[in-house]
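Asker: no sequence for this one, just the structure:
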């Protein structure tokens, strides 16, 4: 889980600061592997000191993937710590807070990196970061049985890594 304090101005022009929590569980990570990988690749490609020219398509693709991840990861932790409730996703998406979160993460790559590391289960972080984009793309467009085979392959790889 990753929690961050976000300053923003609400729609009535009142300055606010609010803590926001993000988390993905294993099931969600497997469903979002292509998007997660593309964001990791984006961060890697843009971590150089030298700014590079970005095409509108590249920026739009990154923004779309990152928005999907942010909205999927947002939630509210129950008091007993047993649940991470995501039922208010659409209310969050319509909020000034969501706009401020997107702005903060998109304009500060170091914060985006912290978020990505914080929302992924530790055992999956390196696997997602180092995943083969071609295999992920093939698995995403594949039949359910082929997607399951790719998930099984990644799980076996993870288990083999853990046992060594």
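Answerer: Yep, it's here. As the structure is a computational prediction, the values presented were derived from the model and not from experiment. Numbers count the residues shown, from 1 in each chain.

Asker: Point out where the chain drops to low pLDDT.
Answerer: Where the chain drops to pLDDT under 70, the residues are 48-52, 132-148, 150, 164.

Asker: Tell me where the longest helix sits in it.
Answerer: Secondary structure of the chain read by DSSP state H shows that its longest helix is helix 144-163.

Asker: Who are the packing partners of it?
Answerer: On a contact count with 3 or more Cβ pairs under 8 Å, 6 or more residues apart in numbering; DSSP states H and E, helix 144-163 meets helix 122-129, helix 133-140. In short, each C-beta sits where N, CA and C put it, glycine included.

Asker: number of nearby residues for residue 23?
Answerer: Residues within reach of residue 23, counting by other Cβ atoms under 10 Å, total 19.

Asker: Sorry, slip of the keys, the one I care about is residue 112.
Answerer: Residues lying near residue 112 (other Cβ under 10 Å) number 22.

Asker: next one: residue 44
Answerer: Neighbours of residue 44 (other Cβ under 10 Å): 11.

Asker: so how far is residue 113 from it?
Answerer: 10 Å (Cβ to Cβ, to the nearest Å).

Asker: do residue 47 as well
Answerer: Distance of residue 47 to residue 113, given as Cβ to Cβ: 8 Å.

Asker: out of those two, which sits in the more crowded spot?
Answerer: Neighbours per residue, other Cβ under 10 Å: of residue 47 and residue 113, the larger number sits with residue 113, 16 against 10.

Asker: Please tell me how far the helix or strand hosting that one is from the chain's geometric centre.
Answerer: Using DSSP states H and E, residue 113 sits in helix 109-119. Put simply, helix 109-119 sits 8 Å off its chain's centre (Cα atoms, centre = their mean, to the nearest Å).

Asker: how many degrees apart are it and helix 122-129 in direction?
Answerer: 130 degrees (axes from the mean of the first three to the mean of the last three Cα atoms, to 10 degrees).

Asker: what about residue 104, distance to residue 44?
Answerer: In terms of Cβ to Cβ, residue 104 sits 20 Å off from residue 44.

Asker: Break the chain down into its domains, please.
Answerer: Using automatic domain parsing, the domain ranges for the chain come out as 2-121, 132-164.

Asker: Just say which of those is most tucked in.
Answerer: domain 2-121 (a mean of 15; mean count of other Cβ atoms under 10 Å).

Asker: Going by contacts, tell me the helices and strands next to the helix holding residue 113.
Answerer: strand 2-9, strand 15-22, helix 33-45, helix 56-73, helix 96-107.
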